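**Student:** Got a predicted structure here, sequence first:
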Amino acid sequence: MKTKNIKVQYSSHYQSNSLLPKIQMEGKWLEALGFSVGTKLVVEYEEGNIRIRPFTKDETEAAREQELHAAITQKQRELSALRNSLPQAMPITAVAEETVSYGCTH
């Protein structure tokens, strides 16, 4: 196993004026290990140990399914709001008559 030495940095949060620990990694070595830009990650941790790995195929499919479900739910809310904003349909009444040519004499 190869190693990289990095340092825990700080991240400042302006709202709370506090410094939070941050770990930042970058480099072509990440891509070579399967960590391309946009890769979803799982971070597993316990006392003194952090493990980072890409989503499995099943985890990727499950995440995509959740995203699609959330998008459908959002579109259903938008459709419902649109329907509620439309005026109520007025009833249409029609009278059935014989076909008559108005203004014509026979």
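**Tutor:** Good, I have the coordinates. Numbering: from 1, shown residues only.
**Student:** Low-confidence bits of this protein, can you list those?
**Tutor:** Within the chain, the segments meeting pLDDT under 70 span 89-90, 99-106.
**Student:** Run the chain-centre distance for the longest helix seen in the chain.
**Tutor:** Longest helix in the chain by number of residues (criterion: DSSP state H): helix 57-85. Between the mean C-alpha point of helix 57-85 and the mean C-alpha point of its chain there is a distance of 8 Å (C-alpha atoms, centre = their mean, to the nearest Å).
**Student:** same question, stretch 27-45
**Tutor:** The offset between the C-alpha centroid of stretch 27-45 and the centroid of the whole chain comes to 20 Å, using C-alpha atoms, centre = their mean.
**Student:** most centrally placed residue in this structure?
**Tutor:** Centroid-nearest residue in the chain: E67, 5.0 Å away (criterion: C-alpha atoms, centre = their mean).
**Student:** count of neighbours near L33?
**Tutor:** Counted with other C-beta atoms under 10 Å, the neighbours of L33 add up to 13. Every C-beta, even on glycine, is put in place using the N, C-alpha and C of the backbone.
**Student:** for the one 10 residues further on, same thing?
**Tutor:** The number of residues packed around V43, counting by other C-beta under 10 Å, is 9.
**Student:** Let me see the contact set for Q9.
**Tutor:** P21, K22, I23, Q24 (C-beta atoms under 8 Å, 6 or more residues apart in numbering).
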